[in-house]
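A.B. asks: model this:
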Amino acid sequence: VIIYRYINLSDVDRLQELLLESKLYFPRPSEFNDPFEFKPKRIAMEAVDIDQEIVETDVDPSLDQAYRLICVELDKFGVCCFSESCSNINMWSHYAERHSGACVGFETGDDFFKDLQRVDYEYERHDFDLRNDVQEDIVRKVMLRKYESWINEQEWRLLRKPGGEPVSFN
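C.D. replies: As a prediction, this is how the structure comes out:
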């Protein structure tokens, strides 16, 4: 199976990493442009034992401590996004420099792509309960979900930790 990554040619560092060094950049969620993506909707707080460490972050200080801690933890991941299509006009517009960028195809048979997962498109952001959801469930439900209006992207994602770094592929 081939998946595609739309790229911006003016980002010379990322382009060089991709084409000359065989590396893909895994941005952290805070580097994405959608303020609602990678954020759960709300949290049930009853009977939850939260670590009271001080969090230094750009997360809205009006949010409760548990929510901020979760957002900080999620932001430690890197997310590399791909599409099933190389001919999606909206993808070319949004992610390939308004149709002047490029689209690179990747064979997914390599071990590098073994954790590749399809994005779920839903009407609502994930509403989880800290009493019942385990960390892996939160990561999957929040980081692999997008608003349903983006379904035309046919997106797949790779998650890596730590985020904000390039990762070598074959």
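A.B. asks: show the end-to-end separation of stretch 148-168, please.
C.D. replies: Counting by Cα to Cα, to the nearest Å, you get 31 Å between the two ends of stretch 148-168.
A.B. asks: okay, buried residues for it please.
C.D. replies: For stretch 148-168, a neighbour-count test (16 or more other Cβ atoms under 10 Å) marks 153-159, 163, 166-167 as buried. For glycine as for every other residue, the C-beta is placed from the backbone atoms N, C-alpha and C.
A.B. asks: in strands, which of those residues fall?
C.D. replies: 155-159, 166-167 (DSSP state E).
A.B. asks: can you say which two of those residues are spatially most distant?
C.D. replies: Across those, the longest distance by Cβ to Cβ is 20.2 Å; it joins 155 and 166.
A.B. asks: re the thing from before, okay, the ones in strands among the buried residues of stretch 148-168 in TSV with distance to residue 21 next?
C.D. replies: Shown next, in TSV, are those (distance: Cβ to Cβ, whole Å):
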residue	distance to residue 21
155	25
156	22
157	22
158	17
159	21
166	7
167	11
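A.B. asks: pick the one among these closest to residue 101.
C.D. replies: residue 155 (16.9 Å).
A.B. asks: setting aside sequence neighbours, what's the nearest residue to the closest one?
C.D. replies: Nearest in space to residue 155, with sequence neighbours left out and distances taken as Cβ to Cβ, 6 or more residues apart in numbering, is residue 119 at 4.1 Å.
A.B. asks: could you give the bridge partners of the spatially most central residue of the chain?
C.D. replies: In the chain, the residue lying closest to the centroid (Cα atoms, centre = their mean) is residue 79, at 3.7 Å. Note on residue 79: beta-bridge partners residue 159, judged by DSSP bridges.
A.B. asks: surely it and residue 29 touch.
C.D. replies: Yes - between residue 79 and residue 29 a contact is recorded at 6.5 Å, counting by Cβ atoms under 8 Å.
A.B. asks: can you give me the helices for the chain?
C.D. replies: Assigned by DSSP state H, the helices in the chain fall at 12-21, 65-74, 89-95, 135-143.
A.B. asks: mind listing the shared neighbours of residue 79 and residue 29?
C.D. replies: 38, 143, 163 (Cβ atoms under 8 Å, 6 or more residues apart in numbering).
A.B. asks: so the nearest residue in space to the last one that is not next to it in sequence versus residue 120, what's the distance?
C.D. replies: The one in question is residue 163. Ranked by Cβ to Cβ, 6+ apart and with sequence neighbours excluded, the top spatial neighbour of residue 163 is residue 78, at 3.0 Å. Here the criterion is Cβ to Cβ, to the nearest Å. By it, residue 78 lies 19 Å from residue 120.
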